[in-house]
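Colleague: please find the sequence and the predicted model below.
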Amino acid sequence: MSVRPDVMTESVVDRPAPKRPYLKGRWMDLGERVRPLQGLLRWRSFQFLAILPNLFLFYFFILAALWGTPVGNRNIMIVFVWILWWFILITLWVPLAGRLWCTMCPIPALGEWLQRLRLVTVRFASKAKGFKNVLFGLNRKWPRALDNIWLQNLLFLTLATFSALLVTRPIVSAFVLGGMIVLALGLALVFRHRVFCRYLCPVSGFLGLYAMTSSVALRSRDWDVCVRCPTKGCMLGSENGWGCPWMVYMGKLDRSNYCGLCFECLKSCPNDNIGLFVRPFGVTETRILHLDEAYKAFIMLVLAAVYSVTLLGPWGTFKDWANVTETGDWRGFLAYAALVWGACLVAFPAMYGLLVKVSQWASRWRGRRVLVPASASANGAGEPDFRTLFLRFSYPLVPLGLLAWIAFSLPLFFVNGSYIVSVLSDPLGWGWDLLGTAHVPWKPLIPEWVPVLQAGVLLGGLAVALRTGWAIAWELWRDPRRARWGLAPMAGLWLMVTVGFLWLFTG
């Protein structure tokens with residue numbers, strides 16, 4: 001299995017660095033425009049202070065789930081995590097700030113602090129070979145065979161299978177989130193860096209995929225500076241910052257999938273060569289490089305439909321199958337699980353692969369009638385093979401899937417948002433009224449506008465998918481007629497998916 005191009009290895013520094021086309025055009029360096037922001041992100045206490053309040057809230061939610069009411073809409077665990085936090089995460093943080101949640105996530109914090117034996121400061125050994133920071137634990141390297149997100153995909157799919165329990169039963173959420181803390185802590189004592197976040201965390205996989213669309217990205221300002229840098233502080237660490245906990249080398253980073261926005265590279269870079277950039281939404285990073293990433297796009301898109309049917313749809317039988325602890329229908333639950341896994345891993349990828357084959361055939365059929373310009377060959381536009389088309393055309397499913405998740409999240413917040421006000425006064429469901437809002441009645445917010453908002457969001461996702469799809473098709477064929485013929489089957493799929501979601505949400 002090949003090593004990913006942005007993964008930290010000894011040899012990656014010696015390879016030719018990639019070009020930096022993203023630093024041209026509509027990219028804006030926030031660090032240069034807003035100097036206090038650059039200073040804030042370089043402040044050693046920044047991430048610790050971002051994590052600390054979330055850590056207290058997180059453990060309070062777990063205690064509330066264990067000892068509070070089991071009624072989901074009266075327990076702060078369910079209301080704040082799966083209604084408020086989820087809505088903010090999917091509708092604001094991911095599109096506008098990518099993996100900003102990873103900056104402040106409390107789940108890996110205990111393991112990372114124990115691994116470093118520091119809360120804020122840096123342990124640095126200047127005479128050490130290779131990695132300069134001093135870490136506590138066995139410091140094993142993650143197995144090369146598992147240098148992918150297949151485990152992340154399967155863990156997310158497993159949790160999604162039990163979604164009806166996870167988002168309605170406080171005790172289930174407590175055990176899942178608590179188990180993630182324990183797993184992250186154990187792995188931090190065995191393996192170097194944040195292997196839990198990079199390879200296992202289901203939320204990280206979700207954020208990593210959709211960070212490709214985000215309007216914010218962390219990048220090196222000048223790749224040539226990275227190549228000439230003798231210390232490679234971003235990768236190996238320095239007296240000012242830790243080597244990248246996500247195992248990313250900034251001299252080659254050109255995608256946001258595996259950058260957790262910890263901002264250690266800003267602190268450890270001796271050349272002030274790392275910047276936080278603002279860029280157009282959804283149209284900049286359009287390269288899916290591996291099958292595990294393509295399958296993540298398939299899984300997330302299908303699960304958006306599954307969640308919509310299970311949590312919002314009128315199909316009682318399907319809901320009963322998913323909610324097995326209430327119905328006791330284990331045969332129905334197994335059928336439900338088989339449908340979900342089969343749709344994510346077999347049915348949708350097979351349909352997608354068939355349309356990719358049609359796209360390949362259509363472009364070749366048209367190609368026999370079109371003389372490809374010499375400029376196309378000069379630009380390296382040969383005949384793309386099936387694997388190339390399969391991977392490249394999977395990207396438009398990313399913005400399409402993200403906007404589908406946003407459309408799914410809108411009714412969850414606007415219909416159930418009034419529970420937030422009442423739970424603030426009675427977080428454990430024990431009959432408290434701390435703020436005088438415990439008895440605020442449930443009332444949906446603008447229910448008549450929710451379908452309109454959902455339709456607009458979905459059509460926006462289709463527009464981004466078509467725009468990026470055309471850019472990909474042009475890059476693949478370099479001929480407008482062949483690109484149109486090659487794009488047509490894929491555009492039909494994206495249109496079909498959008499119409500399906502419109503039908504689910506608006507009837």
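Modeller: That came in fine, so what should we check first?
Colleague: I figured residue 210 hits residue 403, correct?
Modeller: No - the criterion here is CB atoms under 8 Å, and residue 210 misses it with residue 403 at 10.0 Å. Every C-beta, even on glycine, is put in place using the N, C-alpha and C of the backbone.
Colleague: in the protein, which ranges drop under the pLDDT threshold?
Modeller: Within the chain, the ranges that satisfy pLDDT under 70 run 1-25, 366-382.
Colleague: what residue is smack in the middle of it?
Modeller: residue 207 (1.5 Å; CA atoms, centre = their mean).
Colleague: what's that one in contact with, if anything?
Modeller: Going by CB atoms under 8 Å, 6 or more residues apart in numbering, residue 207 touches 94, 98-99, 101-102.
Colleague: distance check, residue 102 against residue 245.
Modeller: 10 Å (CB to CB, to the nearest Å).
Colleague: common neighbours of those two, please.
Modeller: 197, 260, 262.
Colleague: the closest residue to the second one other than its chain neighbours: neighbour count?
Modeller: Nearest-residue entry for residue 260: residue 102, 4.0 Å, with adjacent residues in sequence omitted and distances by CB to CB, 6 or more residues apart in numbering. Other residues within reach of residue 102, judged by other CB atoms under 10 Å, total 23.
Colleague: need phi/psi at the closest residue to residue 249 other than its chain neighbours.
Modeller: Of all residues not flanking residue 249 in the chain, residue 235 sits nearest, at 4.8 Å (CB to CB, 6+ apart). Backbone geometry at residue 235, expressed as degrees, to the nearest 10, gives phi -100, psi -40.
Colleague: who wins on neighbours among the contacts of residue 207?
Modeller: Per-residue neighbour counts (other CB under 10 Å) across the contacts of residue 207 peak at residue 99, which has 28 neighbours.
Colleague: that one and residue 258 touch, don't they?
Modeller: No - with contact defined as CB under 8 Å, residue 99 does not reach residue 258; the gap is 9.3 Å.
Colleague: name the residues that touch the helix or strand hosting residue 422?
Modeller: Assessed by DSSP states H and E, residue 422 sits inside helix 418-425. Applying CB under 8 Å, 6+ apart, the external contacts of helix 418-425 come out as 73-76, 79-80, 83-84, 432-445.
Colleague: these, buried ones only, as a PyMOL selection?
Modeller: Per 16 or more other CB atoms under 10 Å, the buried members of the contacts of helix 418-425 correspond to this PyMOL selection:
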select buried, resi 73+74+75+76+79+80+83+84+438+440
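Colleague: just the ones of the contacts of helix 418-425 in helices?
Modeller: Counted as lying in helices by DSSP state H, out of the contacts of helix 418-425, are residue 76.
Colleague: so what does residue 398 look like in phi/psi?
Modeller: The phi/psi pair for residue 398 (degrees, to the nearest 10) reads phi -70, psi -60.
Colleague: correction: the previous question concerned residue 278.
Modeller: Phi and psi for residue 278, reported as degrees, to the nearest 10, are phi -100, psi 140.
Colleague: how close does it get to residue 215?
Modeller: Residue 278 is 6 Å from residue 215, by CB to CB.
Colleague: can you list the domains in the chain?
Modeller: 12-278, 343-506 (automatic domain parsing).
Colleague: so how far is stretch 383-397 from its chain's centroid?
Modeller: Centre-to-centre, stretch 383-397 and its host chain are 20 Å apart (CA atoms, centre = their mean, to the nearest Å).
Colleague: CA atoms of that stretch as CSV?
Modeller: Extracted in CSV, the C-alpha atoms of stretch 383-397 (Å, rounded to 0.1, in the frame of the first residue of the first chain):
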residue,chain,number,x,y,z
GLU,A,383,-7.5,8.8,-22.0
PRO,A,384,-8.4,8.4,-18.3
ASP,A,385,-8.8,4.9,-17.1
PHE,A,386,-11.7,3.6,-15.0
ARG,A,387,-10.0,4.0,-11.6
THR,A,388,-9.1,7.6,-12.4
LEU,A,389,-12.7,8.4,-13.4
PHE,A,390,-14.0,6.5,-10.4
LEU,A,391,-11.9,8.5,-8.0
ARG,A,392,-12.2,11.9,-9.7
PHE,A,393,-15.9,11.9,-10.2
SER,A,394,-16.5,10.9,-6.6
TYR,A,395,-15.6,14.4,-5.4
PRO,A,396,-18.8,16.2,-6.4
LEU,A,397,-20.6,13.8,-4.0
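Colleague: which residues are in contact with it?
Modeller: Residues contacting stretch 383-397 (CB under 8 Å, 6+ apart): 212, 286-291, 293-294, 297-298, 301, 352-353, 356-357, 359-360, 364, 367, 464-466, 468-469, 472, 475-477, 486, 490, 494, 497.
Colleague: in helices only, show me these.
Modeller: Going by DSSP H, the helices hold 291, 293-294, 297-298, 301, 352-353, 356-357, 359-360, 364, 367, 464-466, 468-469, 472, 475-477, 486, 490, 494, 497 from the contacts of stretch 383-397.
Colleague: what's the helix or strand for residue 404?
Modeller: Assigned by DSSP H and E, residue 404 falls in helix 397-416.
Colleague: buried set for that helix?
Modeller: 397-416.
Colleague: and the residue nearest to residue 260, that's in a helix?
Modeller: Yes - counting by DSSP: H, G, I helix; E, B strand; the rest coil, residue 102 is located in a helix.
Colleague: correct me if wrong: it contacts residue 263.
Modeller: No - applying CB under 8 Å, one finds residue 102 not in contact with residue 263, separated by 10.7 Å.
Colleague: all helices for the stretch 101-250 of the chain, in order.
Modeller: With helices called from DSSP state H, counting those that start in this stretch, the stretch 101-250 of the chain shows them at 109-116, 150-161, 163-166, 170-190, 195, 202-210, 223-228, 233-236.
Colleague: can I get the ones you listed in JSON lines with distance to residue 315?
Modeller: Shown next, in JSON lines, are the helices of the stretch 101-250 of the chain (distance: least, CB to CB, whole Å):
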{"stretch": "helix 109-116", "distance to residue 315": "40"}
{"stretch": "helix 150-161", "distance to residue 315": "17"}
{"stretch": "helix 163-166", "distance to residue 315": "13"}
{"stretch": "helix 170-190", "distance to residue 315": "22"}
{"stretch": "helix 195", "distance to residue 315": "40"}
{"stretch": "helix 202-210", "distance to residue 315": "25"}
{"stretch": "helix 223-228", "distance to residue 315": "52"}
{"stretch": "helix 233-236", "distance to residue 315": "50"}
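Colleague: closest one to residue 27 among the ones you listed?
Modeller: When the helices of the stretch 101-250 of the chain are compared by CB to CB, helix 223-228 sits nearest residue 27, at 13.9 Å.
Colleague: just the C-alpha atoms of that closest one, please, in CSV.
Modeller: The C-alpha coordinates for helix 223-228 follow below in CSV (Å, rounded to 0.1, in the frame of the first residue of the first chain):
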residue,chain,number,x,y,z
TRP,A,223,6.6,25.7,-0.7
ASP,A,224,10.1,26.5,-1.7
VAL,A,225,10.8,27.8,1.8
CYS,A,226,9.6,24.5,3.2
VAL,A,227,12.0,22.6,0.8
ARG,A,228,15.0,24.7,1.9
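Colleague: buried set for it?
Modeller: Buried residues in helix 223-228, counted by 16+ other CB under 10 Å: 223, 225-227.
Colleague: lovely, talk soon.
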